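**Q** From the sequence below, what's the structure:
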Amino acid sequence: MAANWLLASGVLIYNIVIILVVSGWIRIRAKTHNIKEDFILSGRNLPWYVIAATNALTCIGGGHIMGLTGQSWETGVATMWFSISMCLSFILIMQYVGPWIRRMGFVTTAGMFSGMFGDIVRPLITGVSVAACFGIVTLETQGLGAVVMISTGVPMWVGAVIGGIIGMLYVLIAGMKEVGWVNFINAILMYAAVILTLIFLGLRLPGGFEPVNDFYISSGQAHLFTIFGSGDIVRTYIIGTFVSCLFYNPIVQQCAQVSVSAKNGNNIKKAVTLAILINFMFSALMIGLGMVAQTIPDAAAMGAGGPAMLYMCATYLPQWLSIWIIGVFMAALLSTWGMLTLASATHIVKDIMEKYYAKAKFTLKQEGKYTRIVIICFAIVCIAVSTLLPTVTPAIVWCFSWTTPMFIMFAIGMHYKRSTMACFVTWIIAWVLNMVLSLTPLMQVMGLEGNNYSIYMLVVSLVFGYILTALDKNAKPSFISVYKKQKAEWDAEKGTAASGA
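**A** Down below sits the predicted model:
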């Protein structure tokens with residue numbers, strides 16, 4: 001595809017202007033209202049609609065723009081199970097895990113697990129969480145590179161560097177508050193851009209959308225129009241993808257950090273419907289655009305999924321709308337990129353630097369300073385690695401599977417009993433198995449090849465987690481029972497003090 005510098009500059013300016021305007025407003029407001037900077041948690045005062053937009057856009061990124069569009073060529077409408085699972089995970093985030101993390105006052109998931117199971121698990125979960133984020137941010141950087149490459153014709157590595165620099169701008173100025181409000185603005189613009197894109201594609205594509213139906217039927221792929229696809233699609237894609245997404249988002253730091261930044265638990269619960277709508281709509285669009293792009297020869301020639309879809313939007317939409325919608329795509333990638341780098345930096349600053357090396361708890365100013373430094377270092381490494389690897393979008397689901405044991409042990413510790421031994425051993429067994437399945441043909445031998453790592457993680461975590469917890473005579477009471485007991489004692493003391501007064 002020839003370089004389109006008007007498109008490229010428009011897409012970049014679109015995102016940079018939104019970032020700078022919102023960041024400037026935050027800075028001015030903080031100065032005029034004497035608001036202290038809280039880089040990591042935004043003063044724990046984000047409103048519900050910002051929580052909804054941030055959770056939704058944090059979970060929209062390369063996995064949608066490059067992954068869903070490419071996967072749609074193989075699994076069609078059944079690709080929506082990725083989004084269905086994602087939306088159900090929002091219920092777990094905002095109705096269950098998020099409110100509890102906010103109520104208990106933790107900043108990181110590592111801190112929460114440390115409080116539940118002991119300090120021995122803190123470095124373990126910190127390392128795994130940061131490593132998983134590193135893998136996903138690297139893939140998101142490749143997505144940013146692809147967007148810039150398609151519109152400018154520059155090599156992928158140049159696009160990745162440009163995208164990474166803008167990604168740092170997305171979060172470095174004001175941290176959590178910046179990410180939250182930029183996401184809210186982008187969510188509004190996303191709705192408008194998506195509606196107009198569908199209208200104009202229907203008018204400008206040769207024959208409208210009707211040839212799309214004919215293409216798949218005539219090529220013997222009518223099953224791609226059904227939500228369950230075929231038996232092979234269910235076996236190799238739907239089940240594993242559904243499980244991995246369902247248990248990934250509720251327990252990762254980036255989603256937990258959004259919840260912890262809310263005003264209160266009720267604000268988190270209130271945000272769930274809007275978050276589901278934003279995410280589901282965008283997922284459906286990506287799958288639809290991917291399937292349409294496959295039916296257009298000149299678009300399909302650009303490459304499966306993302307490249308074909310981006311080419312189609314750049315070619316068949318009016319210039320102003322192609323700038324807008326591709327700008328939205330880049331914003332979606334940047335939102336995930338920014339939140340994951342912030343989450344990883346928060347882990348490093350709070351769970352490593354402050355916990356093991358600081359003489360005292362960091363001040364808010366120190367937190368902001370150290371977190372910015374870590375973000376820059378983390379981002380530079382991710383950008384460098386992304387330029388050396390081939391495009392490996394399917395690895396996103398594999399990264400997701402690492403968190404399944406975390407969620408299972410969280411649920412066991414919250415509702416059954418808390419065993420440090422069971423938690424530690426279950427995680428090690430599950431993660432070692434994940435590596436074995438990744439590096440050997442064992443999954444193919446068992447007939448469950450594809451995105452099915454999470455199925456094994458779920459079964460192993462449930463079996464070992466519950467059995468080892470039950471066998472541990474030193475297991476502590478569930479976290480919820482401890483919370484209720486402490487709350488009852490506090491209420492009783494409060495009532496006694498009031499009656500005495």
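**Q** any idea which helix or strand comes after the lowest-mean-pLDDT helix or strand in the chain?
**A** In the chain, no helix or strand scores lower on mean pLDDT, DSSP states H and E than helix 442-445, which sits at a mean of 69. Once helix 442-445 ends, the next helix or strand along the chain (criterion: DSSP states H and E) is helix 453-471.
**Q** Helix or strand next in line after that following helix, which one?
**A** Per DSSP H and E, the first helix or strand lying C-terminal to helix 453-471 is strand 476-477.
**Q** Starting from that following strand, tell me which strands it pairs with and how they run.
**A** Neighbouring strands of strand 476-477 in its sheet, by DSSP bridges, are strand 417-418 (antiparallel).
**Q** roughly how far out does the partner strand sit from the chain middle?
**A** Chain-centre distance of strand 417-418: 29 Å, with Cα atoms, centre = their mean, to the nearest Å.
**Q** who's in contact with that strand?
**A** The contact list for strand 417-418 (Cβ atoms under 8 Å, 6 or more residues apart in numbering) reads 116-117, 412, 469-470, 472, 475-479. Glycine gets a C-beta too; all of them are placed from N, C-alpha and C.
**Q** Let me know the angle separating the helix or strand following it from helix 453-471.
**A** Going down the chain from strand 417-418, the next helix or strand is helix 420-439, by DSSP H and E. For helix 420-439 against helix 453-471, the angle by axes from the mean of the first three to the mean of the last three Cα atoms, to 10 degrees is 160 degrees.
**Q** Tell me the buried residues in helix 420-439?
**A** For helix 420-439, the neighbour count (16 or more other Cβ atoms under 10 Å) marks 420-424, 426-427, 429-431, 433-434, 437 as buried.
**Q** In contact with the residue lying closest to Met457 once chain neighbours are set aside, which residues?
**A** The shortest distance from Met457 to any non-neighbouring residue, by Cβ to Cβ, 6 or more residues apart in numbering, is to Thr404 (3.9 Å). Counting by Cβ under 8 Å, 6+ apart, Thr404 touches 243-244, 247-248, 430, 454, 457-458, 461.
**Q** show me what contacts the spatially most central residue of the chain?
**A** A centroid search over the chain (Cα atoms, centre = their mean) returns Cys59, at 3.3 Å, as the residue closest to the centre. With contact taken as Cβ under 8 Å, 6+ apart, Cys59 is in contact with 86, 89-90, 249, 255, 279, 336.
**Q** mind redoing it with 7 Å?
**A** Contacts for Cys59 (Cβ atoms under 7 Å, 6 or more residues apart in numbering) come out as 86, 249, 279.
**Q** do Lys476 as well
**A** Residues near Lys476 by Cβ under 7 Å, 6+ apart: 417-418.
**Q** from what I can see Gly163 touches Met149, true?
**A** No. Using Cβ atoms under 7 Å as the test, Gly163 is too far from Met149 to be in contact (9.6 Å).
**Q** So which of these two has more stuff around it?
**A** Applying other Cβ atoms under 10 Å to Gly163 and Met149 shows that Gly163 carries more neighbours, namely 28 against 24.
**Q** For burial, what's the neighbour tally of the nearest residue to that one once chain neighbours are set aside?
**A** Spatial nearest neighbour of Gly163, chain neighbours left out: Leu144 (2.5 Å); criterion: Cβ to Cβ, 6+ apart. As a burial measure, Leu144 scores 31 neighbours (other Cβ under 10 Å).
**Q** Pull up the gap between Leu144 and Val328, please.
**A** Using Cβ to Cβ, to the nearest Å, one obtains 13 Å as the distance from Leu144 to Val328.
**Q** Okay, now the unreliable bits of the stretch 301-450 of the chain?
**A** 389-397, 443-444, 446-450 (pLDDT under 70).
**Q** can we see that at 80?
**A** 303-306, 387-400, 438-450 (pLDDT under 80).
**Q** Would you map the helices across it?
**A** 306-316, 319-346, 364-386, 395-401, 404-415, 420-439, 442-445 (DSSP state H, counting those that start in this stretch).
**Q** For the longest one, list every residue counted as buried.
**A** Put plainly, it is helix 319-346. For helix 319-346, a neighbour-count test (16+ other Cβ under 10 Å) marks 321-346 as buried.
**Q** Which parts of this structure belong to which domain?
**A** Recorded structural domains for the chain (assignment: automatic domain parsing) are 5-393, 403-501.
**Q** I'd assumed His223 was in contact with Gly229.
**A** Yes. Between Gly229 and His223 there is a contact under Cβ under 7 Å: 5.5 Å.
**Q** And those two? Which one has more around it.
**A** Per other Cβ under 10 Å, whichever of Gly229 and His223 has more neighbours is Gly229, with 22 against 17.
**Q** Show me what counts as buried in the longest helix along the chain.
**A** Ranked by number of residues, the top helix in the chain under DSSP state H is helix 122-152. The neighbour-count check on helix 122-152 (16+ other Cβ under 10 Å) flags 122, 124-126, 128-130, 132-152 as buried.
**Q** Leu468 is in contact with Trp427, isn't it?
**A** No. If you go by Cβ under 7 Å, Leu468 and Trp427 don't touch, sitting 11.0 Å apart.
**Q** mean confidence for stretch 112-129?
**A** On average, the pLDDT along stretch 112-129 is 91.
**Q** With stretch 287-300 instead?
**A** 89.
**Q** ok, and for that stretch, which residues are buried?
**A** 287-296, 299-300.
**Q** quick one, helices of the stretch 101-250 of the chain?
**A** Along the stretch 101-250 of the chain, counting by DSSP H, counting those that start in this stretch, helices occupy 109-117, 122-152, 156-172, 176-204, 210-218, 231-233, 239-248.
**Q** Export these as TSV, with columns for distance to Thr79.
**A** Listed next are the helices of the stretch 101-250 of the chain as TSV, based on distance: least, Cβ to Cβ, whole Å:
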stretch	distance to Thr79
helix 109-117	29
helix 122-152	17
helix 156-172	24
helix 176-204	17
helix 210-218	14
helix 231-233	9
helix 239-248	9
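**Q** Tell me which of those lies nearest to Met66.
**A** With respect to Met66, and counting by Cβ to Cβ, the nearest of the helices of the stretch 101-250 of the chain is helix 122-152 at 4.9 Å.
**Q** So which elements touch the longest helix of the chain?
**A** Under the contact criterion of 3 or more Cβ pairs under 7 Å, 6 or more residues apart in numbering; DSSP states H and E, helix 122-152 touches helix 5-32, helix 62, helix 109-117, helix 156-172, helix 306-316, helix 319-346, helix 364-386, helix 395-401.
**Q** Any chance of a markdown table for these, columns distance to Ala187?
**A** A markdown table is the format used below for the helices and strands packed on helix 122-152 (distance: least, Cβ to Cβ, whole Å):
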| stretch | distance to Ala187 |
| --- | --- |
| helix 5-32 | 12 |
| helix 62 | 18 |
| helix 109-117 | 25 |
| helix 156-172 | 14 |
| helix 306-316 | 19 |
| helix 319-346 | 9 |
| helix 364-386 | 23 |
| helix 395-401 | 22 |
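**Q** Which one of the ones you listed lies nearest to Lys269?
**A** helix 109-117 (18.4 Å).
**Q** what's the closest one packed up against?
**A** helix 122-152.
**Q** Compute the inter-axis angle for the helix it packs on and helix 239-248.
**A** If you take the same axes, to 10 degrees, helix 122-152 sits at 120 degrees to helix 239-248.
**Q** Skipping its backbone neighbours, what lies nearest Arg103 in space?
**A** Gly265 (5.5 Å).
**Q** Right, I'll call it a day here.
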